[in-house]
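Novice: from the sequence below, what's the structure:
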Amino acid sequence: MNNIQDKLIYVWDAYCGWCYGFSKSLQGFNENHPELPLTVLSGGLFVGHKKLPIASFSHIPEANKRISQLTGVEFGTPFQTLLEEGAFVMDSEAAAKGFSALRFFAPERAYYLASSMQQAFYYEGKSLNDPATYRKIAIAHNLDPEAVLARFEDVASTKDAHEDFMKVQQLGVQSYPTLFLQKGDEFIGLGGGVMTAEKIEARLESIIS
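Specialist: Residues are numbered from 1 along each chain as shown. As a prediction, this is how the structure comes out:
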């Protein structure tokens, strides 16, 4: 059905609630298409002047209600407490470094590692700026936690995170999450947001038929 070089590119940010909402749709679609390798890139949503306390983003509580209604994901009590306190700083660079450290040791499981990160933040209220969070995720995925933490602290993970940000900019992504089908040098949008696995499937069918 698919050309050998066709693959999926998923652009996300660990601190993006809509990405958390999209995770089940993407998982269902991805598992239906083992023939399409999936590359996951961190987008850098809260970096530079946007790296602010969560209370600075007044739209988040209302957005989260919509995300829950439309996708069925649950925001855990520890996260809600973090949101109400308002002081927590979402640092997408730190999160991208953490993702890079995990991905380095299990690139074929990148999506599942990303999903575990969002579960840790949005359900368990764990900081994705904190190395301890990556220790826990590493153990859960049978990765060497010490090796993951060493990689997290290494300059290589910062370089890797910045390379992801650069690739995402080159793709011209304006919103998260965004899923692409890459056909050779062409990148075709498959969707994101609140799309179900079935809708992504229909979009793929319309592209390849």
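Novice: rest of the way, CA atoms for contacts and neighbours
Specialist: Noted.
Novice: measure the closest residue to residue 143 other than its chain neighbours to residue 36 for me?
Specialist: Nearest-residue entry for residue 143: residue 105, 7.2 Å, with adjacent residues in sequence omitted and distances by Cα to Cα, 6 or more residues apart in numbering. According to Cα to Cα, to the nearest Å, residue 105 and residue 36 sit 21 Å apart.
Novice: just residue 189 next, same as before
Specialist: Distance from residue 189 to residue 36, by Cα to Cα: 15 Å.
Novice: show me the helices in the protein, by range?
Specialist: 17-32, 60-71, 77-85, 92-105, 110-122, 131-140, 145-153, 155-171, 197-208 (DSSP state H).
Novice: now do the buried residues in the third one.
Specialist: Which is helix 77-85. For helix 77-85, burial by neighbour count (16 or more other Cα atoms under 10 Å) applies to 78, 79, 80, 82, 83.
Novice: ok, now stretch 140-152?
Specialist: Buried positions in stretch 140-152, judged by neighbour count with 16+ other Cα under 10 Å: 143, 145, 148, 149, 151, 152.
Novice: columns pLDDT on top of the residues you listed, output as a markdown table?
Specialist: Putting the buried residues of stretch 140-152 into a markdown table (pLDDT from 0 to 100) gives the following:
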| residue | pLDDT |
| --- | --- |
| 143 | 98 |
| 145 | 98 |
| 148 | 98 |
| 149 | 98 |
| 151 | 98 |
| 152 | 98 |
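Novice: make JSON lines from those residues and add distance to residue 170 to it.
Specialist: Output for the buried residues of stretch 140-152, formatted as JSON lines (distance: Cα to Cα, whole Å):
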{"residue": "143", "distance to residue 170": "31"}
{"residue": "145", "distance to residue 170": "33"}
{"residue": "148", "distance to residue 170": "28"}
{"residue": "149", "distance to residue 170": "29"}
{"residue": "151", "distance to residue 170": "26"}
{"residue": "152", "distance to residue 170": "25"}
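Novice: ok, back up a step: and residue 105 and residue 36? Which one has more around it.
Specialist: residue 36 (19 against 16; other Cα atoms under 10 Å).
Novice: what about the nearest residue to that one once chain neighbours are set aside, distance to residue 62?
Specialist: Closest residue to residue 36 apart from its sequence neighbours, by Cα to Cα, 6+ apart: residue 7 at 4.7 Å. Using Cα to Cα, residue 7 is found at 34 Å from residue 62.
Novice: these two - which one has more neighbours?
Specialist: Neighbour count, other Cα under 10 Å: between residue 7 and residue 62, residue 7 has more, with 20 against 9.
Novice: tally up the residues packed near residue 58, please.
Specialist: Residues contacting residue 58 under the criterion other Cα under 10 Å number 10.
Novice: for residue 209, same thing?
Specialist: 6.
Novice: do the same with residue 87
Specialist: For residue 87, the count of nearby residues is 13 (other Cα under 10 Å).
Novice: quick check: it touching residue 81?
Specialist: No - contact criterion Cα atoms under 8 Å: residue 87 and residue 81 do not qualify, at 10.6 Å.
Novice: quick check: the residue nearest to residue 143 touching residue 145?
Specialist: No - Residue 105 is not in contact with residue 145 according to Cα under 8 Å; the separation is 10.4 Å.
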